[in-house]
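# A structural model of the following input is requested.
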Amino acid sequence: MKALLSLILILTMSKGCDEEKVQNNIKSVEYSATSRGTNFNIKVNSKTIELRESIDSKTKKMAITQDNWKEITAMVSKIDIKNIQNIKAPSTAHQYDGAALANLTVKTNDTMYSSVTFDHGNPPTEFKAVVDKLISISKSKSEK
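Okay, here's the model as predicted:
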């Protein structure tokens, strides 16, 4: 019984360490949505937010709060980013101009992971929280 409890404790703690390791290795997270008339891009790292809201706009660069960065990296660490390209899109309207096509990209110390293309406004549930957070940050920065 003690051995079983010890094994469960070790597995639980190692999973937490893996998530923390992933969180510490994240260098940037980027969301982009593109169509004929749309070119939206937000890229965040531990220090800055780079926001481009349209084809005609310049990229705005501003500081990110450490709370926002920690929240984003915590969300990303819950995603199996090594298999993010295999996560199926819930809809395919972007294939016939029914929605802007969107992508989520995570850059770690040594690798860049990109999602499958999905519809802007309908990301896969596995990383919906990350996309929603990035869009929320962009809206709050746009209003200022």
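# As a check, name the ranges of all strands in this protein.
Taking DSSP state E as the criterion, the chain carries its strands at 26-34, 39-45, 48-52, 60-63, 101-108, 112-114, 118-119.
# For Ala93, find the nearest of those strands.
strand 118-119 (4.9 Å; C-beta to C-beta). The C-beta positions use only the backbone N, C-alpha and C, and glycine is treated the same way.
# Which elements pack onto the closest one?
Contacts defined by 3 or more C-beta pairs under 8 Å, 6 or more residues apart in numbering; DSSP states H and E place strand 118-119 against strand 101-108.
# Give me the angle between the strand it packs on and strand 26-34.
Interaxial angle, strand 101-108 versus strand 26-34 (axes from the mean of the first three to the mean of the last three C-alpha atoms, to 10 degrees): 170 degrees.
# which sections of the protein are below the confidence cut-off?
By pLDDT under 70, the low-scoring segments of the chain are 1-24, 142-144.
# what's near enough to touch the residue most central in space within it?
By C-alpha atoms, centre = their mean, the chain has its centre lying nearest to Val130, at 4.6 Å. Taking C-beta atoms under 8 Å, 6 or more residues apart in numbering, we find Val130 in contact with Val29, Tyr31, Ile72, Met75, Val76, Ile79, Leu104.
# let's see it at 6 Å
Met75, Val76 (C-beta atoms under 6 Å, 6 or more residues apart in numbering).
# Let the chain start at 841 from now.
From this message on, residue numbering opens at 841, which makes the last subject Val970.
# if we can go back for a sec, possible to save the strands of the chain as JSON lines with mean neighbour count?
Formatted as JSON lines, those follow (neighbours: other C-beta atoms under 10 Å):
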{"stretch": "strand 866-874", "mean neighbour count": "19"}
{"stretch": "strand 879-885", "mean neighbour count": "19"}
{"stretch": "strand 888-892", "mean neighbour count": "18"}
{"stretch": "strand 900-903", "mean neighbour count": "12"}
{"stretch": "strand 941-948", "mean neighbour count": "20"}
{"stretch": "strand 952-954", "mean neighbour count": "14"}
{"stretch": "strand 958-959", "mean neighbour count": "22"}
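# Quick check: the residue nearest to Asp920 when sequence neighbours are not counted vs Thr874, distance?
Leaving aside its chain neighbours, Asp920 sits nearest to Glu966 (7.7 Å; criterion: C-beta to C-beta, 6 or more residues apart in numbering). As judged by C-beta to C-beta, to the nearest Å, Glu966 and Thr874 stand 21 Å apart.
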